[in-house]
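**Student:** this one's sequence-less:
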């Protein structure tokens, strides 16, 4: 497969440090994690680390329910982290509703009209029911419209999925459910070839900005939940 060929140069290195992780207590940092420099982007009680895109606060459609950040209905808008992270290691869990769609954005900023104007997206979707799944790179865990995730990274809608995203000096690695789904150097020749074949071909400044806020997508109000959002600056 073409995608596998693109991943091959970096895959061995990434597999050596592939994460095997589990969350023993929701929205909590262990002492080991604290000492290693991890911090919470959600404490299970409030969304103080976030705000709605180009706004000062979080819209009311985003609510904290049962220890999760939940988009409950249309109108919530995309969320963006208050802090900027140029190089980072991010872990989170997501749960999508039936036929739902969402995503996690990296390298996000607020200079464009939309949160996705410049930001690559790690896809969140119900692979079985949502209509935007005819393209392999639109399945959950994929780098949207660029790199398809393998089938063994997928879980059905309604189940919690674990995602880890590492960005270090433009080297982007993504795991979903402990399966490597993306391993690529942004702005490399391989990256440019992928972009040229994608919907982002003519998107000005796509993945070239120096800002790295994290974004969580409101896709037409589809209900989605997030928890255990942890980040470490690298």
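**Tutor:** Received, thanks. These numbers were taken from a predicted model, which means no experiment stands behind them.
**Student:** and for residue 56, the neighbour number?
**Tutor:** 6 (other Cβ atoms under 10 Å). C-betas here are computed from N, CA, C, even on glycine.
**Student:** would you check how far apart it and residue 76 are?
**Tutor:** 15 Å (Cβ to Cβ, to the nearest Å).
**Student:** what do you get for residue 143?
**Tutor:** 24 Å.
**Student:** between these two, which one's more packed in?
**Tutor:** Between residue 143 and residue 76, residue 143 has the larger neighbour count (other Cβ under 10 Å), namely 25 against 22.
**Student:** surely the more buried one meets residue 186?
**Tutor:** No: under the criterion of Cβ atoms under 8 Å, residue 143 is not in contact with residue 186, lying 10.1 Å apart.
**Student:** pull up the overlap in contacts between the two.
**Tutor:** Residues touching both residue 143 and residue 186 (Cβ atoms under 8 Å, 6 or more residues apart in numbering) are 120, 172.
**Student:** for residue 232, list the residues it contacts.
**Tutor:** For residue 232, counting by Cβ under 8 Å, 6+ apart, the contacting residues are 36-39, 88-90.
**Student:** name the nearest residue to the residue nearest the centre of the chain, sequence neighbours excluded.
**Tutor:** Most central in the chain under Cα atoms, centre = their mean is residue 104, positioned 2.9 Å from the mean C-alpha point. Distances taken as Cβ to Cβ, 6 or more residues apart in numbering place residue 122 nearest to residue 104, at 4.5 Å, with adjacent residues excluded.
**Student:** separation between the one you found and residue 94?
**Tutor:** Taking Cβ to Cβ, one finds residue 122 at 10 Å from residue 94.
**Student:** overlap in contacts of the two?
**Tutor:** Contacts common to residue 122 and residue 94, judged by Cβ under 8 Å, 6+ apart, are 104, 163.
**Student:** which residues touch residue 172?
**Tutor:** Per Cβ under 8 Å, 6+ apart, neighbours of residue 172: 106, 120, 143, 165-166, 182-186.
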